[in-house]
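Peer 1: Sequence plus predicted model, see below.
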Amino acid sequence: MTTVVHPGDSLSGRQRLAYILILGALTALGPFTIDTYLPALPTLEKEFDVSTAAIQLTLTATTIGFGVGQLLVGPWSDKVGRRLPLILATIVHILSCLAAAVAPNVELLGVARAFQGIGAAAGGVVAMAMVRDLFGGRPLVRMLSRLALVNGLAPVLAPVLGSQLLLIMPWRGIFIVLACYGLFVVICVSLWIVETLPKARRVDAGHATVGQRYKSVLSDRVFVGIAIVGAMNFTGLFSYLSSSSFVFQDLYDFDAQQYGLLFAVNSIGIIIGVQSAARLTKYFGPQWILVVSTIVMFVSAVAIVVLDQAHAGLWGVVVPLWFFIAACGFGFPCVQVIALNGHGHEAGTAASLLGAVNFGLAGIISPVVGLLGVASAAPMGFVMAICSAISIAALWLIVRPRTVPELAH
């Protein structure tokens, strides 16, 4: 007989699979929105006759919009429930995709991309909050690892999809496809996702107002530290995502399809990392997995800089890059479970802060690579190394691994 400690414990295997698939599709909406057009960035640069940095700002606009959107949607979902914010925000995403598809210049494209980010924000933050509504302890790790797999794979698979779409349509068609994906998500949520936050739980004592929820989350040292760790890991990955199209297509003469293939190979690292981390939590606390993964990220990033400057060629970049991305995969579910496990009363607020810090810092820091130049892979590796070093410092000085509570079974 199974003891029901959390609502999700009573779900059948088929019901859990349905939640994983639909919530996974929700989680992927943001990364697909941000990254599917990456292979088209050099084309946009030529068509709009603007600088690389100007084109990268459209990416920055999306990530900042995504961060702002999460700050709005997360607390809102704690107050009114999960379904309404999810549906309304995704409708904003659909309309913004259509606006991006007809944008006549880079300025209006940037505005449309910002609203795309705001609209797509609901998917990731509400999906994570729904999982926390339903599960806790080690079952939470298992469910978050499934979402983390989607969340980790989506940024590296999105450019693969984008490169294939460019074979059959102009870059504007990518945004039409994203609008259709958003519509698909709205239909799935409307038909199959039930409300996971009962009205009684929206007014829990000490957690009823937005201020109380933010106070509970931000006064938690472990949460603050792990949010910094997660944000720096993600920013390091995003620095690669925002500059790789120029590094590999301009510097190493990859075409859009070869560039997409590179992302497909890197996605294997994400899969290995996320799934291995979920299994390793049976034997080690997630904070100790992060201790190792952040060090691997730092060493890999430094290797990119050193080997690039030693003129080691393409393999001197792609091999350490693969290990960097795999290490990111190990870290994704660990960051999420440490951040959310102690905040069941304000899961939406906690998830929104986690995501907002991720995408806000990524949007601000990743264009630094463009400003440093893409004449070599060294600037990309340098920014990735700095992000990893900050992540290591936050883990040891703020989170302090020995103080993180053990997960319940």
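Peer 2: Okay, I see it.
Peer 1: taking the mean pLDDT, what do you get for the helix or strand hosting residue 381?
Peer 2: Using DSSP states H and E, residue 381 sits in helix 378-394. Mean pLDDT, helix 378-394: 94.
Peer 1: Which strands or helices does that helix pack on?
Peer 2: If contacts are counted by 3 or more CB pairs under 8 Å, 6 or more residues apart in numbering; DSSP states H and E, helix 378-394 sits against helix 221-246, helix 286-309, helix 315-340, helix 367-372. (Each C-beta comes from the backbone N, C-alpha and C, glycine too.)
Peer 1: Next, the angle from the third one to helix 378-394.
Peer 2: Computed with axes from the mean of the first three to the mean of the last three CA atoms, to 10 degrees, the direction of helix 315-340 lies at 30 degrees from that of helix 378-394.
Peer 1: Show me what helix 315-340 is packed against.
Peer 2: Applying 3+ CB pairs under 8 Å, 6+ apart, one finds that helix 315-340 contacts helix 106-134, helix 137-168, helix 221-246, helix 256-280, helix 286-309, helix 347-365, helix 378-394.
Peer 1: Distance from the chain centre to that helix, please.
Peer 2: On the basis of CA atoms, centre = their mean, to the nearest Å, helix 315-340 is displaced by 12 Å from the centre of the chain it belongs to.
Peer 1: what are the C-alpha coordinates of the helix or strand of the chain with the lowest mean pLDDT, in CSV please?
Peer 2: In the chain, no helix or strand scores lower on mean pLDDT, DSSP states H and E than helix 367-372, which sits at a mean of 74. Provided in CSV are the C-alpha atoms of helix 367-372 (Å, rounded to 0.1, in the frame of the first residue of the first chain):
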residue,chain,number,x,y,z
PRO,A,367,25.8,40.0,-25.1
VAL,A,368,29.2,40.7,-23.5
VAL,A,369,30.6,38.0,-25.8
GLY,A,370,29.4,40.0,-28.8
LEU,A,371,31.0,43.2,-27.4
LEU,A,372,34.3,41.3,-26.9
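Peer 1: coming back round to it: and the helices and strands packed on helix 378-394 as TSV, adding distance to residue 27?
Peer 2: Shown next, in TSV, are the helices and strands packed on helix 378-394 (distance: least, CB to CB, whole Å):
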stretch	distance to residue 27
helix 221-246	14
helix 286-309	19
helix 315-340	11
helix 367-372	25
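Peer 1: where among these is the average confidence lowest?
Peer 2: helix 367-372 (a mean of 74).
Peer 1: And the contacts of that one?
Peer 2: Defining contact as CB atoms under 8 Å, 6 or more residues apart in numbering, one finds that helix 367-372 is touched by 52-53, 56-57, 59-60, 239, 242-243, 246, 379-380, 382-383.
Peer 1: closest to residue 28 among these?
Peer 2: residue 59 (17.6 Å; CB to CB).
Peer 1: Contacts only, for the closest one.
Peer 2: Residue 59 neighbours (CB under 8 Å, 6+ apart): 34, 38, 41, 113, 242, 363, 366, 367.
Peer 1: if you set the cut-off to 7 Å instead, what comes out?
Peer 2: Neighbouring residues of residue 59 by CB atoms under 7 Å, 6 or more residues apart in numbering: 34, 242.
Peer 1: From residue 286, how far out is it?
Peer 2: Remark: distance between residue 59 and residue 286 (CB to CB, to the nearest Å) = 30 Å.
Peer 1: residue closest to the middle of the chain?
Peer 2: The residue lying closest to the centre of the chain (CA atoms, centre = their mean) is residue 151, at 5.5 Å.
Peer 1: So that one sits against residue 27, correct?
Peer 2: Yes: if you go by CB atoms under 7 Å, residue 151 and residue 27 touch, sitting 5.0 Å apart.
Peer 1: what do these two both touch?
Peer 2: Residues touching both residue 151 and residue 27 by CB under 7 Å, 6+ apart: residue 124.
Peer 1: So what's the residue count around residue 199?
Peer 2: 9 (other CB atoms under 10 Å).
Peer 1: what residue ranges in the stretch 1-150 of the chain score low on pLDDT?
Peer 2: Per-residue confidence for the stretch 1-150 of the chain (pLDDT under 70) gives these ranges: 1-11.
Peer 1: rerun that using 50 as the cut-off
Peer 2: Scanning the stretch 1-150 of the chain for pLDDT under 50 picks out the ranges 1-3.
Peer 1: for the contacts of helix 367-372, which one is nearest residue 98?
Peer 2: Distances from residue 98 to those, taken by CB to CB, are shortest for residue 59, at 19.2 Å.
Peer 1: I figured residue 97 hits residue 117, correct?
Peer 2: No: using CB under 7 Å, residue 97 makes no contact with residue 117, being 11.1 Å away.
Peer 1: could I get the helices and strands packed on helix 315-340 as a markdown table with distance to residue 75?
Peer 2: Formatted as a markdown table, those follow (distance: least, CB to CB, whole Å):
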| stretch | distance to residue 75 |
| --- | --- |
| helix 106-134 | 10 |
| helix 137-168 | 20 |
| helix 221-246 | 15 |
| helix 256-280 | 28 |
| helix 286-309 | 25 |
| helix 347-365 | 5 |
| helix 378-394 | 24 |
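Peer 1: And those helices: which comes nearest residue 192?
Peer 2: helix 106-134 (12.4 Å).
Peer 1: Mutual contacts of residue 97 and residue 117, please.
Peer 2: Between them, residue 97 and residue 117 share no contacting residue, judged by CB under 7 Å, 6+ apart.
Peer 1: how far away is residue 361 from residue 119?
Peer 2: Residue 361 is 21 Å from residue 119, by CB to CB.
Peer 1: And those two? Which one has more around it.
Peer 2: residue 119 (27 against 23).
Peer 1: What residues does the residue nearest to that one when sequence neighbours are not counted make contact with?
Peer 2: Leaving aside its sequence neighbours, residue 119 sits nearest to residue 93 (CB to CB, 6 or more residues apart in numbering; 2.8 Å). Contact analysis of residue 93 by CB under 7 Å, 6+ apart lists 33, 116, 119, 120, 182.
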